[in-house]
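**Student:** Just to be clear, the model below is a prediction. Sequence and coordinates:
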Amino acid sequence: MSTEHSSAKRGFTPVMGMSQVLAIAIAAISPTTSVFLVYGSGLDLAGTGVFWAFIIGACIAISMAFCYAELGSMYPGAGGAYTIVRRALGKPFGFIAVLLFLVLGIVVTASILVASSTYLHSLVPQIPVNWAAVAMMAIVTWFSLERIGAASWVAMAMLLIELAVILVFIVISFAGATHPVGFILHPATAGAHGASSSVSLAAMLAAVVPALFAFNGYDWPLYFAEETKAARQVLPKAVMIAVLTSVIVEVLAVAASTLAIPSLSAAMKADAPLTYVAQSVAGHTGATILIIGVVIAMFDTGLSGNLAYARIYLDSSRNHSWPGPINRFFGSMNRHNVPKWGFVFLGVGNALLCYFTSLNNLITFTGVIIVTIYLLIAISAIVARFKARSTEHPFRMPIWPLPPIIAIIGVALALTQQAAGDIIKTAVIIAVALLYWLAYLRRKEAKRASASETTSTGA
C-alpha cells in the first residue's frame, strides 16, 4: 500500500512538499534559538571549549542524520523515531521510545518558551517570565490545531526572520572579535577570581549534550511522512539539508560569539552570555533588535517542535499502546485532520511546566532524553540493515557502518559526563516503560492474537 493511500485512509492528507517540510525542520532546530538557548550552559561547562563541544556534537548529529534518513525512507510513518524503533528493535523498545517522547513533548516546548519569555523579560521587565511562557503556549496550541499547511507557512515566514537574525549576529560578532582564533582552538575557562585555566576533555564531553540539544530537530520531517507528497524520496533529503544547515550556522555562531567575548570571566558570570556579547558588538539598540528576533525565533521553534509530538502520540494509539480510553484520546482528529486531544494534552502539560519550573532544570534533563533516543536510533540503523534486507531503501547512508558507530560511541561518552540525577530520571522512565510492557501490553497483545486466531479458525 502506498504512503499516500495509507495516509488518506488514516485521516492524514499529503499536502506538503519539500519546502514546507524543510521549513518545519529548520524551524524546529532553529539555529537562533539553539545557540541563544544552550550557549550559556556550554560555556559554564567547558569555557571556550564550547566550540569543540559543538564540533564533536556536529559529527554525532551528521552521523545520526544519516541513520534517520535511511530508516525514515524504510519505515515512513507519523511516529517518526517511534515508528523506526518499533519496527527495527521490536515493540518493547518502541514503547520505551514513545514514553520518552511523551515526557519530551511536555519538556522541550516548555524549555524553549521559558527561554523566549526570559529574553522578552530582559527587554520589558514588567512582563513576568512564567506567565508570558504560558500565554505563548496557548498561542502555540491554537496554531497547532489548525491545518498543517497553514501552520507550516507560519513557521516558514518566522523562519526567514530568525535566519536573518542569526546571520546578522554572526557577521557583527566576527567583525567585533576581540580575540585571535587561538582563543577557541586552545580551550580555557575562567575561575572564581577570573584566573584562566585549561579545559579537560571530560568538561568538553559534558558540554556535548547541550550541543546535541542545539542541533536536535533535523529528524522532524519524518513525523510528517503521512502528510508529505512522495515521502520516501523527500524526507531523507529534508533531513540531510536540515542537519547541514544547522551545523554550519550554529558552529559559525558559536565561534563568532566566543571570539567576540570581551571578558571570559564576565561572560561566564552573566545570566545571558550572548546578550552580553550582543551588547558589546552591536550596542544597546542593536542588541535590543537582535533579542526581539531571538524571541520570535524561539516562539517559532516552540510551534514547529510542538507539531510533531501529538503525531507521535497518535501513531502510538493506532498501535494500541494504551488502554482503550487513552488510545481514543490520542487518536481523535479534528476537522483540520490533526490530532486535537494530543495537542490539548501538550498545551496543558507544557503550560504547567512553563509556570512551575526554571530553564536550567529543563535543559540538562531534556538533553539526556534526546541522546537516549539517539542511542536507540543508532542501534536501529545497525539492526535494520540485517533484519530488513528485503525492505525498500530509497536512501542508503554512505560509508556504512561508520555513522551509527560514531553516533553510539559519541552518545555513550557524552552520557558518562552527565548529572547523575538526569540519568536516573531517564532510567526510571525506561524502567516504567518496560514494566508497563511486561505487565500490560504483552498480555494485551497475546489476548488480541489469540482472539484473532480463534476468529480465523472459526471462519
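**Tutor:** In hand now; what should we look at? Everything numeric in this text was worked out from a predicted model, so none of it was measured.
**Student:** Could I get the full set of helices for the stretch 251-400 of the chain?
**Tutor:** Ranges of helices in the stretch 251-400 of the chain, per DSSP state H, counting those that start in this stretch, are 264-269, 273-318, 324-331, 340-356, 359-387.
**Student:** a markdown table for the ones you listed, including mean pLDDT, mean neighbour count and distance to residue 230?
**Tutor:** Using the backbone N, CA and C atoms, a C-beta is placed for each residue, glycine as well. Output for those, formatted as a markdown table (pLDDT from 0 to 100; neighbours: other C-beta atoms under 10 Å; distance: least, C-beta to C-beta, whole Å):
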| stretch | mean pLDDT | mean neighbour count | distance to residue 230 |
| --- | --- | --- | --- |
| helix 264-269 | 84 | 18 | 47 |
| helix 273-318 | 82 | 23 | 19 |
| helix 324-331 | 87 | 16 | 26 |
| helix 340-356 | 84 | 20 | 26 |
| helix 359-387 | 82 | 21 | 21 |
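**Student:** among these, which is nearest residue 65?
**Tutor:** Residue 65 sits nearest to helix 359-387 of all the helices of the stretch 251-400 of the chain, at 10.2 Å, using C-beta to C-beta.
**Student:** packing partners for the closest one?
**Tutor:** The contact analysis (3 or more C-beta pairs under 8 Å, 6 or more residues apart in numbering; DSSP states H and E) places helix 359-387 against helix 31-46, helix 50-74, helix 81-89, helix 91-105, helix 108-123, helix 208-215, helix 402-415, helix 420-436.
**Student:** and the angle from the helix or strand where residue 131 lies to helix 359-387?
**Tutor:** Per DSSP states H and E: residue 131 is located in helix 129-144. Angle of helix 129-144 versus helix 359-387, following axes from the mean of the first three to the mean of the last three C-alpha atoms, to 10 degrees, is 40 degrees.
**Student:** Would you indicate which residues of helix 129-144 are buried?
**Tutor:** 129, 130, 132, 133, 134, 135, 136, 137, 140, 141, 143, 144 (16 or more other C-beta atoms under 10 Å).
**Student:** so where's the protein shaky on pLDDT?
**Tutor:** Residues of the chain meeting the criterion pLDDT under 70: 1-12, 147-155, 191-195, 357-364, 388-392, 448-459.
**Student:** on that earlier part again, residue 245: which of the helices of the stretch 251-400 of the chain is closest?
**Tutor:** helix 273-318 (13.9 Å).
**Student:** Would you reformat the buried residues of helix 129-144 as CSV and include distance to residue 297?
**Tutor:** Shown next, in CSV, are the buried residues of helix 129-144 (distance: C-beta to C-beta, whole Å):
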residue, distance to residue 297
129, 17
130, 20
132, 16
133, 15
134, 19
135, 17
136, 13
137, 16
140, 14
141, 19
143, 15
144, 18
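**Student:** one step back: so how far is the helix holding residue 131 from its chain's centroid?
**Tutor:** 19 Å (C-alpha atoms, centre = their mean, to the nearest Å).
**Student:** Could you point out the helix or strand that follows it?
**Tutor:** helix 148-175.
**Student:** packing partners for the helix or strand following that next one?
**Tutor:** With elements assigned by DSSP H and E, the helix or strand that comes after helix 148-175 is helix 182-185. For helix 182-185, the packing partners by 3+ C-beta pairs under 8 Å, 6+ apart come out as helix 231-259.
**Student:** one step back: and the helices of the stretch 251-400 of the chain as JSON lines, adding distance to residue 111?
**Tutor:** Shown next, in JSON lines, are the helices of the stretch 251-400 of the chain (distance: least, C-beta to C-beta, whole Å):
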{"stretch": "helix 264-269", "distance to residue 111": "21"}
{"stretch": "helix 273-318", "distance to residue 111": "9"}
{"stretch": "helix 324-331", "distance to residue 111": "23"}
{"stretch": "helix 340-356", "distance to residue 111": "8"}
{"stretch": "helix 359-387", "distance to residue 111": "4"}
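**Student:** And the contacts of stretch 284-299?
**Tutor:** Applying C-beta atoms under 8 Å, 6 or more residues apart in numbering, the external contacts of stretch 284-299 come out as 30, 32-33, 36-37, 112-113, 115-116, 119-120, 122-123, 136, 139-140, 158, 161-162, 164-166, 168-169, 172, 275, 278-279, 282.
**Student:** Filter those down to the buried ones.
**Tutor:** 30, 32-33, 36-37, 112-113, 115-116, 119-120, 122, 136, 140, 158, 162, 165-166, 169, 172, 275, 278-279, 282.
**Student:** re earlier: could the C-alpha coordinates of the helix holding residue 131 be exported in PDB?
**Tutor:** Provided in PDB are the C-alpha atoms of helix 129-144 (Å, rounded to 0.1, in the frame of the first residue of the first chain):
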ATOM      1  CA  VAL A 129       8.600  35.200  32.600                       C
ATOM      2  CA  ASN A 130       6.300  32.300  33.600                       C
ATOM      3  CA  TRP A 131       3.000  33.900  32.700                       C
ATOM      4  CA  ALA A 132       4.400  35.100  29.300                       C
ATOM      5  CA  ALA A 133       5.600  31.500  28.600                       C
ATOM      6  CA  VAL A 134       2.100  30.200  29.500                       C
ATOM      7  CA  ALA A 135       0.500  32.700  27.100                       C
ATOM      8  CA  MET A 136       2.900  31.700  24.300                       C
ATOM      9  CA  MET A 137       2.000  28.000  24.900                       C
ATOM     10  CA  ALA A 138      -1.700  28.900  24.400                       C
ATOM     11  CA  ILE A 139      -0.900  30.600  21.100                       C
ATOM     12  CA  VAL A 140       1.300  27.600  20.000                       C
ATOM     13  CA  THR A 141      -1.600  25.200  20.800                       C
ATOM     14  CA  TRP A 142      -4.000  27.300  18.800                       C
ATOM     15  CA  PHE A 143      -1.700  27.300  15.700                       C
ATOM     16  CA  SER A 144      -1.100  23.500  16.100                       C
END
